[in-house]
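Chemist: what follows is a predicted protein model with its sequence.
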Amino acid sequence: MDGWTIAMIVLLAISIFFILLGTIGLHRFPDVYTRLHAATKTTTFGSIFLIAAVIVYGAFRLTEVSGDNAGSFMHLIGMSIIALLALLFTNPTGAHAIARAARRTGVEPEQAVIDDYREVK
């Protein structure tokens, strides 16, 4: 195996690791906020390393081909980078919006040590 293949396998293994941990967290965590945290970490980090593996694959194939075929791998790398940037911006924002909506509808955390958002009665 060459360095490109090892890099792809390592990135895919890290991606699978984060996805597995997030899946376990979704089943074990007690409330919507901690489950949302696990789901966001899963989609963010799992997807980042998966897309990084795709970028490494595209770069590897780009070094092997020339001419007209090189354009398709450049396109693959470009679209992967755009998808990566979209994930980096939308995942945390979406998780924040869901958590805020849950809080506004009255969903309480299972256990909170410090709760800055609780209304004083």
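Modeler: Structure received.

Chemist: what sits closest to residue 40 if chain neighbours are left out?
Modeler: Spatial nearest neighbour of residue 40, excluding adjacent residues (CB to CB, 6 or more residues apart in numbering): residue 95 at 4.0 Å. For the C-beta atoms, the positions are set from N, CA and C on the backbone; glycine is no exception.

Chemist: in contact with residue 83: list those residues for me.
Modeler: Neighbouring residues of residue 83 by CB atoms under 8 Å, 6 or more residues apart in numbering: residue 51.

Chemist: which stretch of helix or strand covers it?
Modeler: Following DSSP states H and E, one finds residue 83 within helix 68-104.

Chemist: hang on, the earlier thing: and the residue nearest to residue 40, how many neighbours?
Modeler: Neighbour count for residue 95, taken as other CB atoms under 10 Å: 18.

Chemist: show me the contacts for it.
Modeler: 36-37, 39-40.

Chemist: among these, which pair sits farthest apart?
Modeler: By the measure CB to CB, 37 and 39 form the most distant pair in the contacts of residue 95, at 7.4 Å.

Chemist: with that, I have no additional questions.
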